[in-house]
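In: What follows is a predicted protein model with its sequence.
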Amino acid sequence: MGATGAVAGVSVALTSGEVSVLAPSQPQMHRRAVLIGAGYIAAARPAWAQRTTDLRLTAIGQSLIRYDLRQQPWPDMARVSARLRRSHAVFSNLEVAIRGQREGAPTRALETLHVADPAVIDCLRDLGVTALSTSNNHAFDVGTGGIIDAIEALEARAMPYAGTGLDLERAARPGVQETRAGRFAFVAFATGFVREGGMATAERAGVNEIRRPGDGDLVEEDVTRILSAISAARATGATVLAYQHNHYWERPNIERTPSWQRALARRCIDAGASIFVGHGPPLLHGFELYDGAPLFYCLGSFIFQTKKEEGEYGAPNWESLIVEGRFRDGRFLGAEVTPVVLNDMGVGGPEDLATRGRPAFSTGARARQTLERVESLSADLGYAFVHNGRRGRIRMAT
């Protein structure tokens, strides 16, 4: 196992299924990553990683990144990266399959086939992302082999991940990142549009899926698996993020959060999660607090390099949020919310997908519109979101 790209010079030790990686120093982000997906759950944090301050955890939109964005920098690239690097941990969803030696035939139409080279993982790390979910409906885009290739690429780069595995047991395990502010863990799962053969089983690599046959009740066996993983992660003293990639949308109003998803999010908090984060529809949803924990049902897209034609999506599909939260011993203290806008056309026109869907800080009327939309959607969930038209704040419940 070697290190490449942004993590050249990483020291790797492999013993009895444990993969421990000591990453080189980065500003404000010195850390030791333990990859739960590799088959090991840490029982004790190293002495140097004992909490020294509140954990700063940032959640962003999903990353549909098909090209290495470092090749063509854009005006806000450095600013966005600097913002992310203020946090101890930055979480996103890897909305692509990764190319490798085991790549199989496409499992979907080419228009919605999301496949990328491993360099996109390095790109996300350079931008400031420190943890990735791999549980989504695109992980299986080039078959089971593609899932295995993605796992190998992530582990080779010491990128903590969760949501896929070489079997169901490993797909369900939490990902873990050790920080100087304590342990961050995340449990990732998907609901909806995971194609036949994409779910992990006892004998097959795949996605950690919660099934919902016939749009009815969730399969309780799957839910129990998720809640058990959350409880186990919290028992280690970690601040735990529960992540859902959801494609069971409420049509035609796909920006409305379904009641069954809200109920599931609450069960995740009851099991020990400190925060719930969702993606799926490339569209912001509202959020709310439950028992003092924030529930973000969909944060839209952080990077959106879709191949669909111009006009396929409306303006709200190109808007997102950066949520910078603070946690103390797993308890939510508050968050700052910053609106983000993505360019819906590449620099070179409609065919230039490599420069399409890149994040920049939203300003002026566009920023206010984004925040007001989220304010309205959150009000429908019973939460009063406070903002000044440029940024918003979420205060700890009293």
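Out: Now that the structure is in, tell me what you want to look at. Numbers count the residues shown, from 1 in each chain.
In: low pLDDT regions in the protein?
Out: 1-52, 398 (pLDDT under 70).
In: and if we set it to 80?
Out: Scanning the chain with the threshold set as pLDDT under 80 gives 1-52, 215, 250-251, 397-398.
In: Can you check which strand is longest in it?
Out: Counting residues, the longest strand found in the chain (DSSP state E) is strand 331-342.
In: how about the helices of the stretch 251-398 of the chain, start to end?
Out: In chain order, the stretch 251-398 of the chain shows helices spanning 259-271, 364-380, with DSSP state H, counting those that start in this stretch as the criterion.
In: re earlier: what pairs with the longest strand of the chain, and is each one parallel or antiparallel?
Out: Here strand 331-342 is paired, per DSSP bridges, with strand 319-328 (antiparallel), strand 359-361 (antiparallel), strand 392-395 (antiparallel).
In: Comparing these, which comes out most buried?
Out: Mean neighbour counts were taken over the strands paired with strand 331-342 using mean count of other CB atoms under 10 Å, and the top value, a mean of 23, falls to strand 319-328. From N, CA and C alone the C-beta is placed, and that goes for glycine too.
In: Residues in contact with that one: which ones?
Out: If you take CB atoms under 8 Å, 6 or more residues apart in numbering as the criterion, strand 319-328 is touched by 54-61, 83-84, 86-87, 239, 274-275, 284, 294, 296, 299-302, 332-342, 359, 362, 366, 370, 373-374, 394.
In: run the last query once more with 6 Å
Out: Counting by CB atoms under 6 Å, 6 or more residues apart in numbering, strand 319-328 makes contact with 54-61, 239, 274, 299-302, 333-338, 340-341, 370, all of which sit outside it.
In: Report the buried members of those.
Out: Taking 16 or more other CB atoms under 10 Å as the criterion, what is buried in those is 54-61, 239, 274, 299-302, 335, 337-338, 340-341, 370.
In: related to what we said a few turns ago, need the helices of the stretch 251-398 of the chain in a markdown table with distance to Asn246, can you?
Out: What follows is the helices of the stretch 251-398 of the chain, written out as a markdown table (distance: least, CB to CB, whole Å):
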| stretch | distance to Asn246 |
| --- | --- |
| helix 259-271 | 6 |
| helix 364-380 | 15 |
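In: Of the ones you listed, which is nearest Val142?
Out: Distances from Val142 to each of the helices of the stretch 251-398 of the chain were compared using CB to CB; the shortest belongs to helix 259-271, at 28.4 Å.
In: Just the buried residues of the closest one, please?
Out: By 16+ other CB under 10 Å, the buried positions in helix 259-271 come out as 260-261, 264-269, 271.
In: same check, this time on stretch 75-82
Out: Neighbour-count burial for stretch 75-82 flags 77, 80 (criterion: 16+ other CB under 10 Å).
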